[in-house]
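Visitor: Compute the structure for the input listed below.
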Amino acid sequence: MNIYLASGTYDFLVKKYAKQIDQQSLIAMQVYGDENAVLLHETSGPSIFAAPRKYETVFDKGDFTDKKYAVMNHIPVTDEHKPLFEQNIKRSLEQIDSQISTYRFIRPLKGDTYIILSVWAERKDFIIWKQKNSTLDSPITGDPTNGGIFQHAMFNGKAYLLELTISS
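Guide: As a prediction, this is how the structure comes out:
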């Protein structure tokens with residue numbers, strides 16, 4: 001499965017792609033507390049976007065139905081360490097699989113930044129999960145580039161989280 005991402009202001013993206021949002025696997029997500037947004041197009045075919053960031057799904061679980069909140073953990077990985085990183089993330093996601101109903105682990109087709117997208121019914125569900133697992137070195141919320149269990153020369157830069165609300 002392919003995932004294509006387009007970024008811009010929320011108003012611009014929703015207005016431009018309003019028809020497709022209703023008809024396709026297109027998810028509009030607004031950056032929490034910001035006017036910026038990300039449109040996610042999940043498909044086995046080509047993108048509807050003119051110049052998207054292109055990813056392929058490595059591991060996934062669940063769907064976006066009735067979900068209103070998402071967290072994207074962006075992790076830059078060197079080319080030579082991508083197989084090891086994917087293996088480590090797979091192991092980590094297997095350990096927390098029963099705790100999260102929907103996620104996507106996606107590999108960039110260009111560039112070095114993987115994304116772990118976790119999707120939640122509401123923001124409070126994510127916060128409760130994060131508080132319960134505060135000691136867990138999780139790929140969902142953790143920064144593996146900062147001395148976590150995956151610390152290694154495999155990273156090209158610092159990981160960062162993006163929290164988003166999903167439009168209905």
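Visitor: Across the sheet, point out what pairs with the spatially most central residue of the chain.
Guide: The C-alpha lying nearest the average C-alpha coordinate of the chain belongs to Leu117 (Cα atoms, centre = their mean; 2.4 Å). In this entry, Leu117 is beta-bridged to Met72, Arg104, by DSSP bridges.
Visitor: from memory it sits against Tyr103, does it?
Guide: Yes - Leu117 lies in contact with Tyr103 (Cβ atoms under 8 Å); the separation is 6.3 Å. C-beta coordinates here come from the backbone N, C-alpha and C atoms, glycine included.
Visitor: Quick one: name whatever helix or strand follows the lowest-mean-pLDDT helix or strand in the chain.
Guide: Averaged element by element with mean pLDDT, DSSP states H and E, the chain has its least confident helix or strand at helix 18-23 (a mean of 72). Going down the chain from helix 18-23, the next helix or strand is strand 26-31, by DSSP states H and E.
Visitor: what lines up beside that following strand in the sheet?
Guide: Under the rule (DSSP bridges), strand 26-31 has strand 36-43 (antiparallel), strand 160-166 (antiparallel) as partners.
Visitor: any chance you could map the helices in this structure?
Guide: Listed in chain order, the helices of the chain (DSSP state H) span 10-16, 18-23, 82-96, 123-132.
Visitor: Quickly, which of those bottoms out on average pLDDT?
Guide: Mean pLDDT values for the helices of the chain show the minimum at helix 18-23, a mean of 72.
Visitor: Let me have the helices of the chain in CSV, extended by distance to Gly111.
Guide: Converted to CSV, those look like this (distance: least, Cβ to Cβ, whole Å):
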stretch, distance to Gly111
helix 10-16, 21
helix 18-23, 25
helix 82-96, 11
helix 123-132, 26
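Visitor: would you list those in JSON lines and tack on distance to Ile166 and mean neighbour count?
Guide: Converted to JSON lines, the helices of the chain look like this (distance: least, Cβ to Cβ, whole Å; neighbours: other Cβ atoms under 10 Å):
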{"stretch": "helix 10-16", "distance to Ile166": "12", "mean neighbour count": "15"}
{"stretch": "helix 18-23", "distance to Ile166": "11", "mean neighbour count": "12"}
{"stretch": "helix 82-96", "distance to Ile166": "21", "mean neighbour count": "15"}
{"stretch": "helix 123-132", "distance to Ile166": "10", "mean neighbour count": "14"}
